[in-house]
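> sequence first, predicted model second:
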Amino acid sequence: MKKHRFLTTAWAIAGVLATVVLCSSTSRADDSQGARNFYDVLEDVVGDFEFDLKNGEVTGLQNLSIRNIAVSETVPPSFKSHLEFLITERILHNSRSKVLQCLQCRAKRTTVNGDQVVITSPDTNPIELARIAKSVGIDHFLDIAFSYQSSGMVLSMHIADPETGSIIWSRSYNSETSRTGAQRRGADFSQTDKARRSDEYVAPIQFRAGLFYLFEPIYAGTSGCLAGSFKGVERYDNRKKEVGFEVLLLRNASSFASSSTSGAAVPDLYTGINLTAIFTHAWNLIGDEENFNKVRGSLNAGVGGTYSPGFLGGLLKVGYEWRLGKHFSIEATLGYRPSGNFAPSTGAAVSISGPRFGVGVGYAF
């Protein structure tokens, strides 16, 4: 028993030392290219597995035992003990499962058959393996495969039933498309995950509210207005384009201080009830992926109109938006109102046309 513990400890220490050597050599070779540390990339991949554990996406964890660990030729075999420790630690910390050690499952038996020496193990005998698992109290086996190349690393795992051999759960984690790596870059994993991008298209709908200060044309010159905006868009082409509708409620800024219009020859178009509706399309300048750590640009164009008692007129607009973080934005807008007749309840009808422009801030839900 003491000998077995000594050998187990020795293998664990050898695995850690081999990993440190591999990590150091990788860092020295790649530091000039700005590559990340081996352990940092490994943490991203194992972190994806931990994320699935926390969200209950890993099934078959009851009375689990790690059966086999395979590594690529570029990784020392002694690294297996370190990888087994990482996986076991994440399972124990993020679930209520027990991880059982099955020494009998890894034991080898040597027999002499005539002039031949035959080495067998439970891995080659499913019936014997199932018998051992049942006697030890193991419900499921976890097999792990780890591959490390210059382009990244891949961690593949599957959980199997020892009696039937059927796969209960299987998943591969790639450092190039990892969820934690995307979060580190400030990107959204749902946009970078190739598996999700290849699935059936699901329209991502986004809603935004905004507050603008606009200079709107009136019968003589322009009128400063405060505008409340609400926009709903569908994002497509992997978030590079948007299409939807925007509605605005306009109010003459001076009317907040005084509601009297007795000094005006013609009542102001924007002091009463009004509604502006715009069909809009936007082109998001985000590159291959949207990075929330950077300021992103978005160019939009729209066509619509404004209704107010006594007035119904068209509107053309373009705008440019600076998006900050994940929710906030600043937009500059420029538009034109074609000629339209405004017939107030008192006074003669007048024609209203001209440019409109302004700035505003927005919040995305």
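Everything's here; your move.
> which residues in the protein form helices?
2-30, 38-54, 79-94, 103-106, 126-136, 179-185, 189-192, 194-197 (DSSP state H).
> quick one: contacts for Val71?
77, 79-80, 83, 145-148 (C-beta atoms under 8 Å, 6 or more residues apart in numbering). In short, each C-beta sits where N, CA and C put it, glycine included.
> pretty sure His158 sits against Asp143.
Yes - using C-beta atoms under 8 Å, His158 is in contact with Asp143, at 5.6 Å.
> ok, of the contacts of Val71, which come out buried?
The neighbour-count test (16 or more other C-beta atoms under 10 Å) marks 79-80, 83, 146-148 as buried among the contacts of Val71.
> now those residues in a markdown table, with distance to His281 and pLDDT?
Rendered in a markdown table, the data for the buried ones among the contacts of Val71 read as follows (distance: C-beta to C-beta, whole Å; pLDDT from 0 to 100):
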| residue | distance to His281 | pLDDT |
| --- | --- | --- |
| Phe79 | 52 | 90 |
| Lys80 | 54 | 89 |
| Leu83 | 49 | 91 |
| Phe146 | 46 | 93 |
| Ser147 | 44 | 91 |
| Tyr148 | 45 | 89 |
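> closest to Val247 among these?
Of all the buried ones among the contacts of Val71, Val247 sits closest to Ser147, with 52.6 Å by C-beta to C-beta.
> now do the contacts for that closest one.
71-72, 75, 153-154, 156.
> report the beta-bridge partner residues of Pro355.
Per DSSP bridges, the residues bridged to Pro355 are Tyr336.
> most remote residue from this protein's center?
Using C-alpha atoms, centre = their mean, the residue of the chain lying farthest from its centre is Gly114. It sits 61.7 Å away.
> what pLDDT is listed against that residue?
On pLDDT, Gly114 comes in at 73.
> then Arg239?
In this model, Arg239 carries a pLDDT of 84.
> what do you get for the one 10 residues further on?
Listed pLDDT for Leu249 reads 94.
> these two touch, right, it and Leu214?
No - in this structure, Leu249 is not within contact of Leu214 by C-beta under 8 Å, at 11.4 Å.
> name the residue in those two with the higher neighbour count.
Neighbours per residue, other C-beta atoms under 10 Å: of Leu249 and Leu214, the larger number sits with Leu214, 23 against 15.
> show me where pLDDT drops low in the stretch 101-250 of the chain?
106-109, 111, 118-124, 179-203 (pLDDT under 70).
> again, only using 50
Applying pLDDT under 50 to the stretch 101-250 of the chain flags residues 195-201.
> thinking Val154 is in contact with Ser175, fair?
Yes - if you go by C-beta under 8 Å, Val154 and Ser175 touch, sitting 7.4 Å apart.
> where do the strands of this structure begin and end?
With strands called from DSSP state E, the chain shows them at 64-71, 109-113, 116-120, 140-149, 152-160, 167-174, 205-217, 222-236, 241-252, 275-285, 296-308, 311-324, 328-342, 350-364.
> what's the mean pLDDT across the first one?
Translated: strand 64-71. Rounded mean pLDDT across strand 64-71 is 88.
> angle of it against helix 79-94?
On the basis of axes from the mean of the first three to the mean of the last three C-alpha atoms, to 10 degrees, strand 64-71 is oriented at 140 degrees to helix 79-94.
> and the fifth one, by the same measure?
Between the axes of strand 152-160 and helix 79-94, defined by the same axes, to 10 degrees, the angle is 60 degrees.
> what's the domain layout of this protein?
Domain assignment for the chain by automatic domain parsing gives 2-101+130-185, 205-257+267-364.
> in JSON lines, list those domains along with distance to Thr110.
Formatted as JSON lines, these follow (distance: least, C-beta to C-beta, whole Å):
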{"stretch": "domain 2-101+130-185", "distance to Thr110": "18"}
{"stretch": "domain 205-257+267-364", "distance to Thr110": "55"}
